[in-house]
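Asks: What would the 3D arrangement of this be:
(one chain, ligands or ions: 1)
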Amino acid sequence: MSATPSGPADGLVGTDQPVVEAVQITKRFGSTVALADAGIVVRRGETHALVGRNGAGKSTLVSILTGLQAADDGAVAFDGRPAPPLGDRDAWRRRVACVYQKSTIIGSLTVAENLFLNRHARSRAGLIRWSRLRHAAEQLLAEWSVEVDVRQPASTLSVEQRQFVEIARALSFGARFIILDEPTAQLDGAGISRLFTRIRQLREQGVTFLFISHHLQEIYEICDQVTVFRDARHILTAPVAQLNRAALVAAMTGEDVTMPEAEHRPLPADAPVLLSVRDLVTASGAELSVEARAGEVVGVAGGGGSGKVEVAEAIVGLARPAGGTVVVDGRALRPGSVPDALDAGVGLVPQDRHREGLVPLLSIAENVTMTVPDRIGRRGLISPPRRDALARDTITDLAIKAAGPQVPVAELSGGNQQKVVMGRALASDPKLLVLITPTAGVDVRSKQTLLGVVEEVRRRGTGVLVVSDELDDLRICDRVLVMFQGRVVREMSHGWSDNELVAAMEGVDLHHV
Ligand SMILES: Nc1ncnc2c1ncn2[C@@H]1O[C@H](COP(=O)(O)OP(=O)(O)OP(=O)(O)O)[C@@H](O)[C@H]1O
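Replies: Residues are numbered from 1 along each chain as shown. Alright, predicted model coming up:
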């Protein structure tokens with residue numbers, strides 16, 4: 001194949017047919033029905049949202065729309081023509097691409113190599129023509145206004161740049177239909193606006209998007225149509241403008257959902273201090289001092305680059321701090337040691353469940369009980385019935401959608417995996433719970449469950465530290481420390497307004513403007 005970007009698929013542009021039409025799709029995994037007679041129609045030029053609770057079947061639909069899996073039943077057509085055979089990857093790539101949350105870019109290769117992987121221009125002797133490759137990559141990125149040096153290793157790209165490079169790569173195969181799977185999950189506010197500007201530009205240039213997100217306000221901002229899936233079924237498709245937020249949530253959940261909020265609840269004067277962080281300095285120079293008492297929920301908020309995640313990771317031992325002390329219930333923690341933090345009574349929900357959270361091939365039961373061997377057996381011998389009983393409680397308490405405790409975590413939807421991480425954090429009855437972006441990728445109803453659990457453990461006297469930029473997460477806090485560029489710039493007590501908090505996270509002081 002040549003290294004020059006090819007045009008749209010097989011002369012398909014210009015028809016009135018939907019870009020994609022999936023009809024009566026059914027997909028089963030063993031006894032789980034992931035899609036039941038579900039479908040979607042996406043028209044040319046629209047930005048179409050696909051929403052639904054965790055486990056509703058969105059990712060399964062994406063895998064069928066991109067030819068990664070075959071449906072058990074039903075049909076997919078692109079521009080009115082039946083989808084290509086599964087094995088013809090090139091034909092699929094000319095029609096559709098998905099940009100996933102997890103990168104499909106190879107970090108050790110340059111951007112140019114990633115763009116034209118296996119499509120290198122070669123000399124007659126079969127040698128790769130590096131200068132041509134680079135030139136083609138530069139041309140491609142220039143065509144779509146992506147400003148990235150194609151010679152840099154892909155590992156040095158920011159999340160935002162990586163997404164743009166993946167979009168350009170999809171376009172270079174000829175696809176004009178792109179699925180974005182939770183594209184804003186790892187972006188800060190400014191990154192999200194740049195992504196939306198890019199989506200609008202590409203739309204003008206004839207690109208159609210299917211946009212998957214749990215952030216409903218984004219759907220109102222960037223999408224024209226919305227399709228809702230619930231329990232493996234298609235519930236509705238409607239213009240976004242005709243569906244208000246309450247109706248959308250009701251379609252997703254089948255009920256009305258209100259998020260928990262902290263009431264004003266003064267702590268008893270004798271509530272012991274469970275967390276005391278003094279003059280903590282991270283490797284990158286972010287600083288924090290904070291205390292949390294028994295029954296208190298303290299938030300640490302901040303946008304991208306605020307240092308909130310770094311300080312949280314230094315507190316729990318995921319990163320080694322450059323200075324300062326962390327004391328949990330009177331015991332000084334060994335810097336940089338997660339086992340020591342767990343041993344001192346910390347329950348942890350880390351930011352990246354793929355990297356630090358779960359072992360995907362192990363069962364829910366094994367993952368939930370991983371850090372509490374003493375609760376499920378004696379002298380190193382694990383009692384499987386006890387382990388399963390504990391896991392069953394977790395499945396019930398957190399409303400995890402799974403057939404039972406033996407299901408491997410890899411088979412759960414993203415939001416349900418996050419609940420397993422929370423289950424594991426709670427399994428040890430922690431004195432202090434540290435939650436880092438705990439509801440990322442979690443649907444509204446599951447968010448309500450997860451945040452509701454925090455309220456319960458707080459009542460039992462656990463101290464909680466919530467590190468997040470999500471207003472829903474922060475609303476359950478008694479007070480919120482706001483970080484900006486590595487420093488705490490504000491402390492907001494109960495009753496803060498969304499505007500005030502967002503402004504503080506952006507580094508704007510509303511009182512002084
Ligand atoms: N490989 C698999 N094996 C077994 N079950 C699976 C597999 N993939 C998905 N499922 C099940 O199919 C159902 C639909 O899952 P899917 O991942 O499509 O949901 P989703 O809407 O994308 O959820 P989320 O928002 O959490 O990512 C879930 O019950 C899930 O557990």
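
Asks: For R424, give me its contacts.
Replies: Residues near R424 by Cβ atoms under 8 Å, 6 or more residues apart in numbering: G357, N367, V368, T369, M370, T371. C-beta here means a position set from N, CA and C on the backbone, and glycine is covered the same way.

Asks: now, among these, which is nearest to D429?
Replies: Among those, T371 lies closest to D429 (Cβ to Cβ), at 11.5 Å.

Asks: what number of residues lie near the closest one?
Replies: Residues lying near T371 (other Cβ atoms under 10 Å) number 19.

Asks: Can you check the pLDDT for it?
Replies: In this model, T371 is scored at 77, pLDDT.

Asks: if I look at the residue nearest to it when sequence neighbours are not counted, how far off is the ligand?
Replies: Leaving aside its chain neighbours, T371 sits nearest to L342 (5.5 Å; criterion: Cβ to Cβ, 6 or more residues apart in numbering). As judged by Cβ to the nearest ligand atom, to the nearest Å, L342 and the ligand stand 27 Å apart.

Asks: who wins for most neighbours among the contacts of R424?
Replies: Neighbour counts for those, by other Cβ under 10 Å, peak at V368, which reaches 33 neighbours.

Asks: so what's the backbone phi/psi at that one?
Replies: When read as degrees, to the nearest 10, the backbone of V368 gives phi -70, psi -40.

Asks: mind listing what it touches?
Replies: Taking Cβ under 8 Å, 6+ apart, one finds L390, A391, T394, P405, V420, G423, R424, A427 in contact with V368.

Asks: In a helix, the first one, correct?
Replies: Yes - when the secondary structure is assigned by DSSP: H, G, I helix; E, B strand; the rest coil, L390 falls within a helix.

Asks: neighbours around it, how many?
Replies: So L390, with other Cβ under 10 Å, has 19 neighbours.

Asks: repeat for the third one
Replies: A count of nearby residues for T394, using other Cβ under 10 Å, gives 23.

Asks: same deal with the last one?
Replies: A427 sits with 21 neighbouring residues when counted by other Cβ under 10 Å.

Asks: interface residues of this structure facing the ligand?
Replies: Contact residues (Cβ under 6 Å from any ligand atom) of the chain with the ligand: 29, 32, 34, 52, 54-60, 401, 411-415, 443.

Asks: Could you list which of the residues you listed belong to strands?
Replies: If you go by DSSP state E, the residues of the chain next to the ligand have F29, T32, A34, G52 in strands.

Asks: Buried ones among those residues?
Replies: Neighbour-count burial (16 or more other Cβ atoms under 10 Å) is assigned, among those, to A34, G52.

Asks: Report the lowest-confidence entry in the ones in strands among the residues of the chain next to the ligand.
Replies: T32 (87).

Asks: so how far is K401 from that residue?
Replies: Plainly put, T32 is 9 Å away from K401 if you go by Cβ to Cβ, to the nearest Å.

Asks: likewise E506?
Replies: From E506 across to K401, the span is 36 Å (Cβ to Cβ).

Asks: Tell me which of these two has more neighbours.
Replies: K401 (19 against 15).

Asks: So that one is in contact with A56, correct?
Replies: No - under the criterion of Cβ atoms under 8 Å, K401 is not in contact with A56, lying 9.5 Å apart.

Asks: any common contacting residues for those two?
Replies: By the contact definition Cβ under 8 Å, 6+ apart, K401 and A56 are jointly contacted by S413.

Asks: Pull the contacting residues for L140.
Replies: L140 makes contacts with P5, L115, A168, L171, S172, as judged by Cβ under 8 Å, 6+ apart.

Asks: before we move on, what about P360?
Replies: By Cβ under 8 Å, 6+ apart, P360 lies in contact with P408, V409, A410.

Asks: Quick check: which element contains the residue nearest to T371?
Replies: Using DSSP states H and E, L342 maps to helix 338-343.

Asks: Show me how the record splits the chain into domains.
Replies: Domains of the chain are assigned by automatic domain parsing as 9-253, 273-512.

Asks: Compare the ones you listed and report which one is nearest to E261.
Replies: Nearest of the domains of the chain (Cβ to Cβ): domain 273-512, 4.7 Å.

Asks: Just the buried subset of the contacts of L140, please.
Replies: With neighbours counted using 16+ other Cβ under 10 Å, the contacts of L140 contain these buried positions: P5, L115, A168, L171, S172.

Asks: Done for today, thanks.
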